[in-house]
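Participant: Got a predicted structure plus its sequence, pasted below:
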Amino acid sequence: MTVARTRVALTIGSSDSGGGAGIQGDIKAMASVGCYAATVLVGVTAQNTTGVTGRFTVPVDFVVAQLDTVLADIGVDAVKVGMTWSAAHVEVVAQKLSTAGVPVVVDPVMVTAAGASLAGDDIVGEVRRRLFPVATVMTPNRAEAELLTGIPGAPPRELAERLVALGARAAVVTCGGADGGEWFADGAGAFAVPRPGHRTGAEHGAGCAHSALVTALLAHGLSTRDAVVRATELAADGVRDGLVTVGRGVHPVDLLALGHRSPPV
Ligand SMILES: Nc1ncnc2c1ncn2[C@@H]1O[C@H](COP(=O)(O)OP(=O)(O)OP(=O)(O)O)[C@@H](O)[C@H]1O
Ligand SMILES: Cc1ncc(CO)c(N)n1
């Protein structure tokens, strides 16, 4: 009997001690579509559903050590880059990924949907210079897309098209919230990405889940367009099924249907 090869997705980003977003959210989202998740930590946040109270950065050399060690043994079918902290981290990650030969999803985590800053000021130019060229697809939220393009207030379609004009192979600008409004663009054109809207108040980690799902679906061999469309639906399901009893702020999404599982007896 031949055993099907397990697809491996790698996420490079930061820990969310609250468990809903960041690396922890990525592992769950990737697992929800049958991908094994390897992880390279760039930073650690002290965070819960109400906000970030502290941050600790992993030294660049140790990011490289994690990356080299994973690649040397496990190998990867696709990579996600999430919160990267500093220009020096972006530079080294981009350099490593330029020779990886697998799809790369860049979620340029810089601002939360609530407007809280999650990165150093020097990072915008470095993301544009270094990560755009290695990205198969960029997945910023609207605020991040405005920062990266330098056109505040522009509609999501224009932002997605502008990101492609600036050198990204493809981009999906997420909007969050019940009203949605996501747009995708690549060299061949642009389209609105449909999804239902939910008002559960469980959106913490939605953006991380979205880009992690895109990554995992690319690891399974889907095209970029199909991966984005499906990931957007699945992330919305995660908000619909979100864990409204966890935390007192923005509750976490649930991609693993934890709310429907019973304890083993
Ligand atoms: N209220 C909602 N109803 C349905 N789907 C949602 C909702 N909010 C978010 N989503 C899903 O999550 C995806 C990402 O959302 P969003 O733009 O809020 O990410 P983000 O701002 O990067 O999130 P975060 O910083 O919390 O990780 C959306 O494209 C959509 O699929
Ligand atoms: C660690 C981490 N990465 C990403 C996000 C974006 O949601 C977050 N809140 N925390």
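Facilitator: That came in fine, so what should we check first? Numbering: from 1, shown residues only. Ligands and ions are numbered 1, 2, ... in the order given.
Participant: interface residues of the protein facing ligand 1?
Facilitator: Residues of the chain lying near ligand 1 by Cβ under 6 Å from any ligand atom: 21, 112-113, 141, 174-178, 182, 195, 197-198, 203-208, 210, 232, 235-236, 239. Glycine gets a C-beta too; all of them are placed from N, C-alpha and C.
Participant: Apart from its chain neighbours, what residue comes closest to the most centrally placed residue in the chain?
Facilitator: The residue lying closest to the centre of the chain (Cα atoms, centre = their mean) is Ser211, at 3.4 Å. Closest residue to Ser211 apart from its sequence neighbours, by Cβ to Cβ, 6 or more residues apart in numbering: Asp107 at 3.7 Å.
Participant: Ile74 against Arg7, yeah?
Facilitator: No. Between Ile74 and Arg7 there is no contact under Cβ atoms under 8 Å: 11.5 Å.
Participant: higher neighbour count, these two?
Facilitator: Between Ile74 and Arg7, counted using other Cβ atoms under 10 Å, the more crowded position is Arg7 (19 against 11).
Participant: how far away is the more buried one from ligand 1?
Facilitator: Look at Arg7 and ligand 1: by Cβ to the nearest ligand atom, to the nearest Å, they are 22 Å apart.
Participant: any idea of the pLDDT on Gly120?
Facilitator: On the pLDDT scale, Gly120 is placed at 60.
Participant: which other residues reach stretch 185-196?
Facilitator: 137, 157, 160-161, 163-164, 169-172, 180-184, 224-225, 228-229, 232-233, 235-236, 240 (Cβ atoms under 8 Å, 6 or more residues apart in numbering).
Participant: Let's see that with 6 Å instead.
Facilitator: 157, 160-161, 164, 170-171, 180, 182-184, 232-233, 236 (Cβ atoms under 6 Å, 6 or more residues apart in numbering).
Participant: got it, and stretch 126-145?
Facilitator: Residues contacting stretch 126-145 (Cβ under 6 Å, 6+ apart): 87, 90-91, 94, 97-98, 103-108, 110-111, 159, 163, 167-175, 207, 211, 224.
Participant: rewinding a little: so what sits against both of Ile74 and Arg7?
Facilitator: Common neighbours of Ile74 and Arg7 (Cβ under 6 Å, 6+ apart) do not exist.
Participant: ok and the residue in this protein nearest ligand 2?
Facilitator: Per Cβ to the nearest ligand atom, Gly22 is where the chain lies closest to ligand 2, at 2.7 Å.
Participant: wait, what's in contact with that residue?
Facilitator: Contacts of Gly22 by Cβ under 6 Å, 6+ apart are 13-16.
Participant: Apply 8 Å and report the result again.
Facilitator: Neighbours of Gly22 in contact, by Cβ under 8 Å, 6+ apart: 13-16, 45, 47, 82-83, 205, 208.
Participant: Leaving out the residues flanking it, which one is nearest to it?
Facilitator: Asp16 (3.5 Å).
Participant: my guess is that neighbour contacts Gly205, does it?
Facilitator: Yes. With contact defined as Cβ under 8 Å, Asp16 reaches Gly205; the gap is 7.4 Å.
Participant: Please identify the buried residues of stretch 62-80?
Facilitator: Neighbour-count burial for stretch 62-80 flags 63-64, 66-67, 70-71, 76-80 (criterion: 16 or more other Cβ atoms under 10 Å).
Participant: Describe which strands the longest strand belonging to the chain pairs with in its sheet and in which direction.
Facilitator: Ranked by number of residues, the top strand in the chain under DSSP state E is strand 36-48. Counting by DSSP bridges, the strands paired with strand 36-48 are strand 8-16 (parallel), strand 51-57 (antiparallel).
Participant: Just read off the phi/psi values of Asn80.
Facilitator: Small correction: residue 80 is Lys, not Asn. As for Lys80, its main-chain torsions (degrees, to the nearest 10) stand at phi -110, psi 140.
Participant: Contact partners for it?
Facilitator: So Lys80 contacts 9-13, 26, 104-107, 211-212, 214-215 (Cβ under 8 Å, 6+ apart).
Participant: filter those by proximity to ligand 2?
Facilitator: Gly13.
Participant: quick one: which of the contacts of Lys80 has the most company?
Facilitator: Thr215 (37 neighbours).
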